[in-house]
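>>> give me a model of this one.
(chains A, B, C and D)
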Protein chains: 2
Amino acid sequence: MTETPPQYPSDRKDAELSVEEARKRFIEAWGNFGNAWGINRTMAQIHALLLIEPEPLSAEQIMELLNISRGNVNMNLRALMDWGLVARQLRLGERREYFVADKDIFQVTKKVVRERKKRELSPMIELLDELGAVGADQKDPKARELNHSLTRIRRFAGSADRVLESLIRAEESWFFKIFMKLFR
Amino acid sequence: MTETPPQYPSDRKDAELSVEEARKRFIEAWGNFGNAWGINRTMAQIHALLLIEPEPLSAEQIMELLNISRGNVNMNLRALMDWGLVARQLRLGERREYFVADKDIFQVTKKVVRERKKRELSPMIELLDELGAVGADQKDPKARELNHSLTRIRRFAGSADRVLESLIRAEESWFFKIFMKLFR
DNA sequence: CTCTGCTTTCAATACTTTTTGAAAAATTTG
DNA sequence: CAAATTTTTCAAAAAGTATTGAAAGCAGAG
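You can find the predicted model right below:
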């Protein structure tokens, strides 16, 4: 923030503006995207910003670039670190903390899958197991339908769980090799 | 609501209560689950209710069973029908409309995937294509990092898109055969 | 056409989640 | 240790989302 950024040559006159515009549009889109999937918009925007930033950024810089408050930045950076998507980075002789995002999009996916599986799928499976036996022995249609529905869902959830677990464990190359062959 | 439900025999004294309790717990859990994934809690609860209900229900019955207003039921039933998860069912000689859920959980998954792919993934891919060229020719690190990030994300989004498209088109048995062999 | 019974709409309200910003806590430096 | 700088916390405010309920709309029956 205190230093003047160096000027780089460019073929196009409007290049500098265009890059800024593109960055802005991507950050917005990533924010909306995350939001639609139950991730706080600001958290996703900070993530987007760090994804396209060549250098680590300080909380101060994020505040200014995204126009959000100190507390908000702090809160969401912590969440991003909890998810393993962003790491703190210290610089020798500097007091201020900097932050970088893991730029490997496959790693990002794995971490998001791991986190949400733990938070949402696993509790659902536990519940389904707990309710699994209810109504199995009864003739009441309500009981029977409940039992059948829960059994089907439980079976499906188990499959999903295994697929996701494999995804989380997969090595990037292996995963892509198989998938790229399978899917077009 | 106006007719007395028939009594079914059961091995356990507390069976009736237990089934009701289980139904309630499942509906709640499904509501929270949907909510975490960006689906309105009530919409998910109505879906859960119809999933475990042996008979079609009217809007009136849903209102009473879930304790929600007429307008709310109407709105969310419409959304569920838009997603293709619930169908209207008319009875001969009856004016009132009834609703049933598609009980095939694999179909449900496919429909949800299709809908969200259309609403969220496709627009993101369009944007990435649009922004794809920005900064490719520049030396400015910001431009280069933006370009690299967007290229990586674009490539990944394309893979995800193809995988999901295959899932949507897959026959259940085929899907499971392949996946069960691949994963564990 | 009018009554009746049901569905749909939507402005107002209630509820939930996010954001702010100032104060407190923590950490480094001299 | 106190001063300086930075991070963290959290109650209050703002923003966003869901829900209500009364009124309007619609369709079949008489």
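
>>> where in chain A is pLDDT low?
A:1-17, A:172-184 (pLDDT under 70).

>>> against A:Arg78, how distant is whichever residue of it sits closest to DNA strand C?
With Cβ to the nearest atom of the strand, the shortest gap between chain A and DNA strand C falls at A:Gly71, namely 2.0 Å. Any C-beta I mention is one placed from the backbone N, CA and C, and that applies to glycine too. According to Cβ to Cβ, to the nearest Å, A:Gly71 stands 11 Å off from A:Arg78.

>>> same question, A:Val112
The value you get for A:Val112 to A:Arg78, if Cβ to Cβ is used, is 17 Å.

>>> now do A:Leu146
A:Leu146 is 41 Å from A:Arg78, where distance means Cβ to Cβ.

>>> who has more neighbours, those two?
The residue with more neighbours, out of A:Leu146 and A:Arg78, is A:Leu146; 25 against 13, by other Cβ atoms under 10 Å in any protein chain shown.

>>> contact partners for A:Phe156?
Contacts for A:Phe156 were tallied using Cβ atoms under 8 Å, 6 or more residues apart in numbering or on different chains; they are B:Ile105, B:Phe106, B:Thr109.

>>> what does chain A put close to DNA strand C?
Contact residues (Cβ under 7 Å from any atom of the strand) of chain A with DNA strand C: A:40-42, A:67-72, A:75-76, A:93, A:95.

>>> hang on, the earlier thing: could you dump the contacts of A:Phe156 to JSON lines with distance to B:Gly31, neighbour count and secondary structure?
Output for the contacts of A:Phe156, formatted as JSON lines (distance: Cβ to Cβ, whole Å; neighbours: other Cβ atoms under 10 Å in any protein chain shown; DSSP: H, G, I helix; E, B strand; the rest coil):
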{"residue": "B:Ile105", "distance to B:Gly31": "17", "neighbour count": "19", "secondary structure": "helix"}
{"residue": "B:Phe106", "distance to B:Gly31": "21", "neighbour count": "18", "secondary structure": "helix"}
{"residue": "B:Thr109", "distance to B:Gly31": "18", "neighbour count": "16", "secondary structure": "helix"}
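
>>> buried residues, the longest helix along chain A. List them.
Across chain A, the longest stretch assigned as helix under DSSP state H is helix A:141-169. Going by neighbour count (16 or more other Cβ atoms under 10 Å in any protein chain shown), the buried part of helix A:141-169 is A:142-147, A:149-150, A:152-154, A:156-157, A:159-160, A:163-165, A:167.
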